[in-house]
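Visitor: Need a 3D model of the following:
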Amino acid sequence: MQPPKFWKNPPEQVGIWPSILAPLSCVWSLVTTWRWKQGAHATVGIPVICVGNVNLGGTGKTPTVIATVMRLQALGRVPHVVSKGYKGQLAGPVQVDEKTHSADDVGDEPLLLAAFAPTWVAKDRLSGALAAKAAGADVIVLDDGLQNPALAKDLTILVVDAEVGFGNGRVMPSGPLRETVEDAVAKADVLLTIGPDTDMHSTFVDQWDQVKGLPHVSSTIMPLQTGMDWDGLHALAFAGIGRPEKFFRTLKELGVDIKATRSFDDHQKIPTALLARLEKEAWDLGAQLVTTEKDAVRLPKDWQQKVLTVPVRLELNETDQFDQALKAIF
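Guide: Sure thing, here's the model as predicted:
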């Protein structure tokens, strides 16, 4: 399901629909604020780092969690990830096992994150954090927890896609935000922007006065060099992520000759019958099926061998500043 076009408008172009939907947005904001105030905000005896966003849909949280985990490990820490396990069936707390769990069990993102650090799925984030601590974690990285009030956070990283920013700046359904920009910024300690263009980061900050008081780290999502020669590869590319066009752009930058693209909803599971149709279409085009890492973990095991994936990693432009923020909580 594609978001309404008016969500992408700049704040000065209000339009009729955001105005009509404003009362519903007000109700959403009131409920969100009440839920936050009623939360336990419990401490667990070890630092908790929250990686979150204010936009609905993908902004780059998963690559940011991976980068955070890797920086913590480089600092000699033992991070465990705690995730809600979106669209997974298990309530948890349960440690993700890549060999036995599927995306249906724990969600796609925890399966991907488990390759980098012990990862726990728990609908109750507090119980997940306590389980991680009991298993040896000395720091918790909370995946997508900006609006979750169960745990007190020692460091909160607000992740923003600098290319789309906060859209029209309004709370859903009038806009693409889970809460107001002001409320999100009040919870955050660091602003991390993601974008392919250097000027894009400063332009975003200039447009939104609310974020100017936050320490700012800019970054880019880059393909991981695996030795694969992508140049000239004929591909049928498909993706079910927040912004599939970013994946298709990455492939073009790698020199891939994209014969066709297919976009699906974020986290959408693709039925085997549809995969078979994509395979036939790729065959007719003389192309190879290619998808993202996150989509690949949702594929049936036999299909994972048929589809090429492009692993990506977050490259921080201000590594020292990011490390300083991490060190300050210990």
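
Visitor: residues in contact with the longest helix along the chain?
Guide: Longest helix in the chain by number of residues, with DSSP state H as the criterion: helix 16-38. Contact partners of helix 16-38, identified using Cβ atoms under 8 Å, 6 or more residues apart in numbering, comprise 4, 6, 147, 149, 168, 170-175, 178-180, 183. Backbone N, C-alpha and C define where each C-beta goes, glycine included.

Visitor: Quick check, central residue of the chain?
Guide: Lys61 (2.8 Å; Cα atoms, centre = their mean).

Visitor: quick one on the thing from earlier: list the buried residues of the longest helix of the chain.
Guide: Trp17, Pro18, Leu21, Ala22, Ser25, Trp28, Ser29, Thr32 (16 or more other Cβ atoms under 10 Å).

Visitor: Could you do stretch 204-211 as well?
Guide: Phe204, Val205, Trp208, Gln210, Val211.

Visitor: out of these, which are inside helices?
Guide: Per DSSP H, these map to helices at Phe204, Val205.

Visitor: Reformat the buried residues of stretch 204-211 as TSV; add distance to Glu109.
Guide: As requested, these are exported to TSV (distance: Cβ to Cβ, whole Å):
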residue	distance to Glu109
Phe204	24
Val205	27
Trp208	27
Gln210	28
Val211	25
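
Visitor: name the helices or strands packed onto the helix or strand containing Ala276?
Guide: Using DSSP states H and E, the element containing Ala276 is helix 272-285. Contacts defined by 3 or more Cβ pairs under 8 Å, 6 or more residues apart in numbering; DSSP states H and E place helix 272-285 against strand 234-239, strand 257-263, strand 288-292.

Visitor: so which of the ones you listed comes closest to Arg313?
Guide: strand 288-292 (12.8 Å; Cβ to Cβ).

Visitor: Tell me the first helix or strand C-terminal of the closest one.
Guide: helix 293-296.

Visitor: Now do that following helix: which elements does it pack against?
Guide: Short answer (3+ Cβ pairs under 8 Å, 6+ apart): helix 293-296 packs on helix 108-113, strand 308-310.

Visitor: Okay, helices next: where are they in the chain?
Guide: Using DSSP H, helices in the chain cover 16-38, 61-74, 103-106, 108-113, 125-134, 181-187, 198-207, 244-253, 272-285, 293-296, 301-304, 319-327.

Visitor: for those, which one sits closest to Val48?
Guide: Val48 lies closest to helix 125-134 among these, at 6.6 Å (Cβ to Cβ).

Visitor: now for that closest one, which elements pack on it?
Guide: strand 79-83, strand 119-121, strand 139-143.

Visitor: now that helix: mean pLDDT?
Guide: Helix 125-134 shows an average pLDDT of 96 in the prediction.

Visitor: Give me the buried stretch members for that helix, please.
Guide: For helix 125-134, using 16+ other Cβ under 10 Å, the buried residues are Arg125, Leu126, Ser127, Gly128, Ala129, Leu130, Ala131, Ala132, Lys133.

Visitor: Could you dump those into TSV and include distance to Gly52?
Guide: Converted to TSV, the buried residues of helix 125-134 look like this (distance: Cβ to Cβ, whole Å):
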residue	distance to Gly52
Arg125	12
Leu126	16
Ser127	19
Gly128	15
Ala129	15
Leu130	20
Ala131	21
Ala132	18
Lys133	20
